[in-house]
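Colleague: Any chance you could fold what I've pasted below:
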Amino acid sequence: MRSAESACSPKPSVRRVRSFRIGRYAVTLRGSDGTPLELGAVLARAGEGTIFEVVGRSDAVVKVFHPDLKSLPVKRAKVAAMTGSVPAGAVQPDGFVVLTWPLDTVSGDDGTTGYVMHRIDTTNSVEIHTVSNPADRTNPLSSAPQWTRNATWSHLVNVAANLCLAVQNVHGVDAVIGDFQERNILVNDTTRVTLVDCDSIQFTDQAGHQFLCAVGRPEFTAPELAGVDLATTPRDNPSDLFALAVHIHLLLMAGNHPFLRGQWTGPSDQPDAMTLAKSGWWAGGPDSPLLTHPLAPPPSFLPDDIQRLFVRAFTDGAHTPTARPTAAEWRAALQDITFRTCPRGHQIPEETDHCPWCHIEDERAHRKSQRPQHAQNIQHIATPPVITAAPPVSAVPAPARASSRVVWVVAGVIAAIALGATFFAIGGRSSTPPPQASGAGTTPAKPAAPEVSQYPVPAAPPPPTGGPNLAGTWIGEYRNTGQSSVQLTVTDLGMLNGTIVYHGQSPCTESWRETGRSIGTVYVDEERIAGDPDECWGAKWELTINGDTITGTMTQPGQGFGATIILRKQP
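Modeller: Down below sits the predicted model:
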């Protein structure tokens, strides 16, 4: 795809202060104590600001808000208040960053403002859906971290426990995460978790003034917030605890959302996820007309304590939000799980008397055996002539890909359509797996599972079936600073996997790979195959499929952020 024109042009530094330009604004930034900050390279551009390196600081980055950002004075006041209440567990003793919390404000003579945050290392980190979704976990992009292939169920339990720790730290300073969705959670190869986009968190300052979180994803939104204006409605901790329970369910239950996948046994059609959540009806829950899907694990395989916590979160919590278990309760129960291996090699809780993974394998095998053989249903009118098969084609080397580039991602902003956020790589990983993250004032956790590279690779799940036929040629337009024509060739019937070609002065050929779906949204990762590396790069898309039309927005941190695409399927 064509790169966007640079919005920031560095100028020569003067002593320790660098003058840079955002649009027509030339500014010099200083910290809250007046210390000048020398800004380095632009790391990424997001919907709310631009991220810079800080010269001489390997542990920090600076986010500078766009001058035309809506409600900039409110944002400035919020960040300033947050710097005075950094949670005690935001950074672990070994330097691991749990929360990308604003640390200090920066400002320029012309009113430009922003803040300093910790740098995080994303070279071995993935968004949490890449871990919880079996398809994402077992088949990562070649340019992405490969350790997820080897993750076991005990690793997923560890991830859930460490996510609880991050939530505990946020709630400890009277804050609410609010936009508690999968793209704001990073998991590294030792199962530790980092929450990013922290400047969107709902925060209450020392004077009692609340700075709200105005956005949220429907599949992680608590039922009591259905239909309310999040820009004017304060949230309470129980709304985070609903989203936390959903994330834990996704991790422990093979990526199955409690209100999206199951066997509906009630009257008429299955209600939407929010209606089910408001009714307290979740897959396999008590007295729920939404039963466990035959190809999903039932809640009954989990330890009794975990089952009871899910009932409190989804059944009782639907009508009494304060009944939902706290992050500390979840963390304690998850850390108490002990594991054994079934005869087929699956990890399951010690006390369970049945292996859900074996049942799922058997169910898949049974369904496959029941499918009528295509050849048996065809009446051959004439026997075709015998044709000698050609010798097998040798494997053709894949086109050379651009060398993997280290992407420094702002810890405070992660890609999302509503917010436009960004990752920043910060620091390096230890060669020895650290223990599970433990916050200040909490009991240290038992050691984390070994690095997942030591574990065997699990079998990949079968490809999805059903849904619209997406295979074929799609033609349309890509719009960023300019406009160019594009052609997408989809190779899978039911998933957006294939190759896209961007035409123009610098043509680019890139691969598309669907990484997941939520309500109304398809997530696609794009990876460069051919073209000028300075003009073509990988990307992340959030797309909507409506019949024979695909529309969407690029959420890749960096130059292409905010670009749009529209594609129409050709007959």
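
Colleague: use CA for all of it now, contacts and neighbours both
Modeller: Noted.

Colleague: could you say what helices and strands the helix ranked longest in the chain packs with?
Modeller: Looking across the chain with DSSP state H, the single longest helix is helix 153-171. Where contact means 3 or more CA pairs under 8 Å, 6 or more residues apart in numbering; DSSP states H and E, helix 153-171 is packed against strand 193-195, helix 237-252, helix 327-335, strand 347-349.

Colleague: now that helix and helix 327-335, what's the angle there?
Modeller: 160 degrees (axes from the mean of the first three to the mean of the last three CA atoms, to 10 degrees).

Colleague: Tell me which helix or strand comes right after helix 153-171.
Modeller: Counting by DSSP states H and E, the next helix or strand C-terminal to helix 153-171 is strand 175-176.

Colleague: which residues sit against that following strand?
Modeller: Here strand 175-176 makes contact (CA atoms under 8 Å, 6 or more residues apart in numbering) with 170, 201-204, 235-237, 240.

Colleague: Let's see that with 6 Å instead.
Modeller: 201-203, 237 (CA atoms under 6 Å, 6 or more residues apart in numbering).

Colleague: pull the CA atoms of the longest helix of the chain into PDB?
Modeller: These are the backbone C-alpha positions of helix 153-171, laid out as PDB (Å, rounded to 0.1, in the frame of the first residue of the first chain):
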ATOM      1  CA  TRP A 153      -4.000 -25.000  28.800                       C
ATOM      2  CA  SER A 154      -1.900 -24.400  31.900                       C
ATOM      3  CA  HIS A 155      -0.300 -21.400  30.100                       C
ATOM      4  CA  LEU A 156      -3.800 -20.000  29.400                       C
ATOM      5  CA  VAL A 157      -4.700 -20.400  33.100                       C
ATOM      6  CA  ASN A 158      -1.500 -18.400  33.900                       C
ATOM      7  CA  VAL A 159      -2.400 -15.700  31.500                       C
ATOM      8  CA  ALA A 160      -5.800 -15.400  33.100                       C
ATOM      9  CA  ALA A 161      -4.300 -15.100  36.600                       C
ATOM     10  CA  ASN A 162      -1.800 -12.400  35.400                       C
ATOM     11  CA  LEU A 163      -4.700 -10.500  33.700                       C
ATOM     12  CA  CYS A 164      -6.400 -10.500  37.100                       C
ATOM     13  CA  LEU A 165      -3.300  -8.900  38.600                       C
ATOM     14  CA  ALA A 166      -3.400  -6.000  36.100                       C
ATOM     15  CA  VAL A 167      -7.000  -5.400  36.900                       C
ATOM     16  CA  GLN A 168      -6.300  -5.400  40.700                       C
ATOM     17  CA  ASN A 169      -3.700  -2.700  40.100                       C
ATOM     18  CA  VAL A 170      -6.100  -0.500  38.200                       C
ATOM     19  CA  HIS A 171      -8.900  -0.900  40.700                       C
END
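
Colleague: and that helix, how far from the chain's centre?
Modeller: Chain-centre distance of helix 153-171: 15 Å, with CA atoms, centre = their mean, to the nearest Å.

Colleague: contact partners of it?
Modeller: Against helix 153-171 from outside (CA under 6 Å, 6+ apart): 89, 191-193, 248, 251, 327, 331, 334.

Colleague: 8 Å instead, please
Modeller: Helix 153-171 is contacted from outside by 87-90, 98-99, 131-132, 176-177, 187, 191-195, 237, 244, 247-248, 251-252, 327-328, 330-332, 334-335, 339, 347-348, 436-439, 448-449, 452, using CA under 8 Å, 6+ apart.

Colleague: Now do the SS call for L543.
Modeller: strand (DSSP: H, G, I helix; E, B strand; the rest coil).

Colleague: Just give the number of residues close to it.
Modeller: 22 (other CA atoms under 10 Å).

Colleague: check contacts around the nearest residue to it once chain neighbours are set aside.
Modeller: Among residues not flanking L543 along the chain, G552 sits closest, at 4.1 Å (CA to CA, 6 or more residues apart in numbering). Applying CA under 8 Å, 6+ apart, we find G552 in contact with 541-544, 564-566.

Colleague: Adjacent strands (with direction) for the helix or strand G552 falls within?
Modeller: Using DSSP H and E, G552 sits in strand 549-554. According to DSSP bridges, strand 549-554 forms sheet pairs with strand 539-546 (antiparallel), strand 564-569 (antiparallel).

Colleague: Of the contacts of G552 - the most surrounded one?
Modeller: W541 (27 neighbours).

Colleague: which residues does that one contact?
Modeller: Neighbours of W541 in contact, by CA under 8 Å, 6+ apart: 523-526, 552-556.

Colleague: repeat that with 6 Å
Modeller: Applying CA under 6 Å, 6+ apart, the residues near W541 are 523-524, 553-555.

Colleague: ok, so of those residues, who is nearest T509?
Modeller: V524 (15.3 Å; CA to CA).

Colleague: And the closest one, its phi and psi?
Modeller: phi -130, psi 130 (degrees, to the nearest 10).

Colleague: tell me the pLDDT at it?
Modeller: Per-residue pLDDT puts V524 at 87.
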